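# Pasting the sequence and the predicted model now:
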Amino acid sequence: QVQLVESGGGLVQPGGSLRLSCAASGRFESINDMGWYRQAPGKQRELVAAITRGGMTNYAASVKGRFTISRDNAKNTVYLQMNSLKAEDTAAYFCNTKAAVRTSVWSQKENDYWGQGTQVTVSS
């Protein structure tokens, strides 16, 4: 029903920058909260940043001041600008969205959707 396609990952030196993008497509009534999570080898998936449809943001303490999340509601796209990257930012980054999909003529339901992940490697 909802597909998320991420792009923008890659290899960058410490101190460098990357910009991730995630576009939602498919059949849905609305794209609500959007966010980025990351998972490093041997670690649990963790929230990096999230943004509501109205633009309210939330960041993990470890990225606050370095990463900026934004979205374009007209394009159903969320972005993550990552600056001053550190080796500990190395992980697979996953896009997430809560989207309302129609379940009948009279009702809709909000579901959770995930992208396939994009690798970010910070290394010299």
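Received it, and whenever you're ready, just let me know what you need.
# Run the chain-centre distance for stretch 84-99.
The chain centre lies 7 Å from the centre of stretch 84-99; the measure is Cα atoms, centre = their mean, to the nearest Å.
# For that stretch, buried residues please.
By 16 or more other Cβ atoms under 10 Å, the buried positions in stretch 84-99 come out as L85, D89, T90, A91, A92, Y93, F94, C95, N96, T97, K98, A99. C-betas here are computed from N, CA, C, even on glycine.
# go on, stretch 111-122?
Under the neighbour-count criterion of 16+ other Cβ under 10 Å, stretch 111-122 has Y113, G115, G117, T118, V120, V122 buried.
# Model confidence score at the residue nearest in space to the middle of the chain, please.
Against the mean C-alpha coordinate of the chain, by Cα atoms, centre = their mean, the closest residue is W36 at 2.7 Å. With respect to pLDDT, W36 scores 98.
# Need the three-state assignment for it.
strand (DSSP: H, G, I helix; E, B strand; the rest coil).
# That one and C95 touch, don't they?
Yes: shown here, W36 and C95 form a contact pair, counting by Cβ atoms under 8 Å, at 6.1 Å.
# shared neighbours, these two?
Common contacts of W36 and C95 (Cβ atoms under 8 Å, 6 or more residues apart in numbering): L20, C22, V78.
# what about the closest residue to S84 other than its chain neighbours, distance to S7?
What sits nearest to S84 in space, not counting adjacent residues and going by Cβ to Cβ, 6 or more residues apart in numbering, is R66, at 4.6 Å. The span separating R66 from S7 equals 20 Å under the rule Cβ to Cβ, to the nearest Å.
# Ok, I51 next?
In terms of Cβ to Cβ, I51 sits 18 Å off from S7.
# In terms of neighbours, single out the busier of those two.
Neighbour totals were compared for I51 and S7, and I51 leads with 21 against 13 (other Cβ atoms under 10 Å).
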